[in-house]
Each structure stands twice: as C-alpha cells, then as structure tokens.
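Novice: fold the following.
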Amino acid sequence: MDQLLVVKISCLAGLLVITLICGLIPAQVKWFQINMARGKHRRILGFIGCFAAGVFLGACIMHMVADALGDIQEEIKKHRQQGVSMHKQNSTSEVDDDSEMYPFGELVISFGFFLVFFIECVVLHCCPTAVHSHGDHDAHEDNKDPPESHSSFRAFVLFLSLSFHSVFEGLAIGVQKEKTSAIQLCLAVLIHKAIVVFSLALKLVQSGTQGRWRLLYLVVFALMSPIGISVGIGVSLSNSDGSGLAQALLEGVAAGTFLYVTFLEILPYELRSHESPLTKFFFIGLGFSVMALIAIWA
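Specialist: Next comes the predicted model:
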C-alpha cells in the first residue's frame, strides 16, 4: 500500500478516536454540569466557558471565515482564468478585473448568517417557546446564577456549522500529495478539533440537550473529518478537481452560520455571566490565542 495512503488512513483513525474521547469528557463527567455547580465550582466552569467562547471566536475568524474567503477567492480566480483562456479577449479581462473587486466571499458568508437568522425568526414566529432561556423557570431560586444557554435549536446550528467545516478540514488532508504536508495538517486539525469538540460538548451539556442527542451529535461530528478525508482520498486517486466551487460556497455558508451562533449566542451568554469582566476577557482572549496559534501552524 502507498505510504501516503497509509498516512491518510492513520490520520482518519486518529481524528475519529481523539474527537470521540475529547467530546465524551464533558458529557460523562458530572463535574461539568453547570446546574450542579455552586461557588468556586461555578466560577471555574464560568472560566472554562469563557475559554470555550474564545475558542469558538478564534475558530470562526481565524479558521472558518478565513478558509471560506480564501477558497472562494481561489475558485473564482480559477474560473476567471479558464474563461480568459477560452475567449482571449482584452475586454473580458477588464470585466474580470472589475468583478474581482466585488466581495463574493463576504456575500456568501453573509447569506449563511442571514439564513440562520431567518430560520430562527420563523421558528420564533411559529413557536415562540422554541428558543428561550432554559433557566427562566427557576431564575428566582438563585439570582446570582448565570443564565442558561439557549435552546437546542442553536445547539443544533452550532453542531451543523462545525460539522460542515470538519468535512472540509478532512477534505484538505485527503487531497494532500506529500506525507509531510498531510501529517502537519493532520496534527493542526487534531489539536483544533480536540479543543473545539470539548467546547461543543460543554455547550451541549450546559444547554440542557438530552443525553441521547448529545451522543448522536458527538458521534456524527466525530465522523465528519474522516468522511472528508475519505472523499479527499477518492478525489486524489481519481485525479479529479471535484466540485471545488460548490465546496467553497458550502464552506462560506457554514462560516456564516457559525458567525451567527458565535456572536449572537455564545459570546453574549458568556458575557452575561457574573465572573469578573477582566477575568472573562483574559480567558476569552486565551481561547482565541490558542486558535490563532493553530492557524499560524497550519
């Protein structure tokens, strides 16, 4: 068997196992359940939650949005060059130069943002109790407790956008042509996914998502990168470019959905908690810095 193929299959197995292990920790360890926390325990969980919020912020800006913009721009340039080579007309080149100024990537990401915004508005209109604070009914019992996270709908959107991104991360590993590149990228993705899946599992636990749904989310999420690697291996073996533009557009939509959840759900929830503002800033910044370092390494 080709050594490069062995490396990619090893990456597939490693990502699957590590993701499952890291994702099951908050779900299986009762210490991470915020409804059981009091005093110092709650403060520590609050700091962990702020760190997770920084991780999601870094994943959103440094990974999902950056990757989507880069891939969309690359695909547009590729199709533009193909069009110029076919027509070989100076006027066509001038039009293409003008169109290059239009922010197509930002438009696709904005579409993903407004798509989730629209869906949530429809859900709220049709079922006003679908998105609400789970802790409202017992808020009078302890006014010092931070508000519970929002409903399973936003948890599902978070899971869905992260899953899309995981497929593309795996796809990037699967299409690598050198062992060193595949291993380096796999290590970066491995660290990234370990931190993100832990943060995702923590959010699922603290949002009150039922156990069977948490397990389903984590299993499906763990399978996303291996699926992407498998698809990438198939594409590399067939020497086909695949549907690069469609993949880039889907990645942009996923980035937009994650942008919505990050800035309208995760960060506002953590900033409403009762820990010291400077301490929250520190842990959010720490989580963001970790993802920024991974982006530099990758």
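Novice: next up, the contacts around the residue nearest the centre of the chain.
Specialist: Nearest to the mean C-alpha position of the chain, by CA atoms, centre = their mean, lies Leu162 at 3.2 Å. Each residue near Leu162 by CB atoms under 8 Å, 6 or more residues apart in numbering is listed here: Ala59, Val196, Leu200, Phe221, Phe258. Using the backbone N, CA and C atoms, a C-beta is placed for each residue, glycine as well.
Novice: my guess is the third one contacts Gly23, does it?
Specialist: In other words, Leu200. Yes. Leu200 is in contact with Gly23 according to CB atoms under 8 Å; the separation is 7.0 Å.
Novice: any shared contact partners between those two?
Specialist: Leu218, Phe221.
Novice: for the nearest residue in space to Ala66 that is not next to it in sequence, give me its contacts.
Specialist: Computed as CB to CB, 6 or more residues apart in numbering, the closest residue to Ala66 that is not its neighbour in sequence is Ala295, at 7.1 Å. Shown in contact with Ala295 (CB under 8 Å, 6+ apart): Gly58, Met62, His63, Ala66.
Novice: sorry, back to before: reformat the contacts of Leu162 as TSV; add neighbour count.
Specialist: TSV is the format used below for the contacts of Leu162 (neighbours: other CB atoms under 10 Å):
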residue	neighbour count
Ala59	28
Val196	26
Leu200	27
Phe221	22
Phe258	30
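Novice: among the residues you listed, which one has the lowest pLDDT?
Specialist: Model confidence across the contacts of Leu162 bottoms out at Phe258, which has 77.
Novice: what's the helix or strand for the residue nearest to that one when sequence neighbours are not counted?
Specialist: Leaving aside its chain neighbours, Phe258 sits nearest to Ser161 (4.0 Å; criterion: CB to CB, 6+ apart). For Ser161, the host element (DSSP states H and E) is helix 152-174.
Novice: can you name the next helix or strand after that helix?
Specialist: Per DSSP H and E, the first helix or strand lying C-terminal to helix 152-174 is helix 179-206.
Novice: angle of that following helix against helix 152-174?
Specialist: For helix 179-206 against helix 152-174, the angle by axes from the mean of the first three to the mean of the last three CA atoms, to 10 degrees is 170 degrees.
Novice: off-centre distance for the next helix or strand after helix 179-206?
Specialist: Sequence-wise, the next helix or strand downstream of helix 179-206 (DSSP H and E) is helix 211-238. With CA atoms, centre = their mean, to the nearest Å as the basis, helix 211-238 stands 14 Å off its chain's centre.
Novice: packing partners for helix 211-238?
Specialist: helix 3-28, helix 152-174, helix 179-206 (3 or more CB pairs under 8 Å, 6 or more residues apart in numbering; DSSP states H and E).
Novice: would you format the ones you listed as CSV with distance to His125 included?
Specialist: Shown next, in CSV, are the helices and strands packed on helix 211-238 (distance: least, CB to CB, whole Å):
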stretch, distance to His125
helix 3-28, 32
helix 152-174, 13
helix 179-206, 25
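Novice: quick one: closest of these to Val231.
Specialist: Between Val231 and these, the shortest separation by CB to CB is 5.7 Å, and it involves helix 152-174.
Novice: may I have that closest one as PDB, with CA atoms only?
Specialist: Extracted in PDB, the C-alpha atoms of helix 152-174 (Å, rounded to 0.1, in the frame of the first residue of the first chain):
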ATOM      1  CA  SER A 152     -31.400  23.000  21.400                       C
ATOM      2  CA  PHE A 153     -32.100  24.800  18.100                       C
ATOM      3  CA  ARG A 154     -29.000  27.000  18.400                       C
ATOM      4  CA  ALA A 155     -27.000  24.000  19.700                       C
ATOM      5  CA  PHE A 156     -28.000  22.100  16.600                       C
ATOM      6  CA  VAL A 157     -27.000  25.100  14.400                       C
ATOM      7  CA  LEU A 158     -23.600  25.200  16.200                       C
ATOM      8  CA  PHE A 159     -23.200  21.400  15.600                       C
ATOM      9  CA  LEU A 160     -24.200  21.700  12.000                       C
ATOM     10  CA  SER A 161     -21.800  24.500  11.100                       C
ATOM     11  CA  LEU A 162     -18.900  22.900  12.900                       C
ATOM     12  CA  SER A 163     -19.700  19.600  11.100                       C
ATOM     13  CA  PHE A 164     -19.600  21.300   7.700                       C
ATOM     14  CA  HIS A 165     -16.300  22.800   8.500                       C
ATOM     15  CA  SER A 166     -14.900  19.500   9.700                       C
ATOM     16  CA  VAL A 167     -15.700  17.900   6.400                       C
ATOM     17  CA  PHE A 168     -13.700  20.500   4.600                       C
ATOM     18  CA  GLU A 169     -10.800  20.100   7.000                       C
ATOM     19  CA  GLY A 170     -10.800  16.400   6.400                       C
ATOM     20  CA  LEU A 171     -11.000  17.000   2.700                       C
ATOM     21  CA  ALA A 172      -7.900  19.200   2.800                       C
ATOM     22  CA  ILE A 173      -6.000  16.300   4.500                       C
ATOM     23  CA  GLY A 174      -7.300  13.800   2.000                       C
END
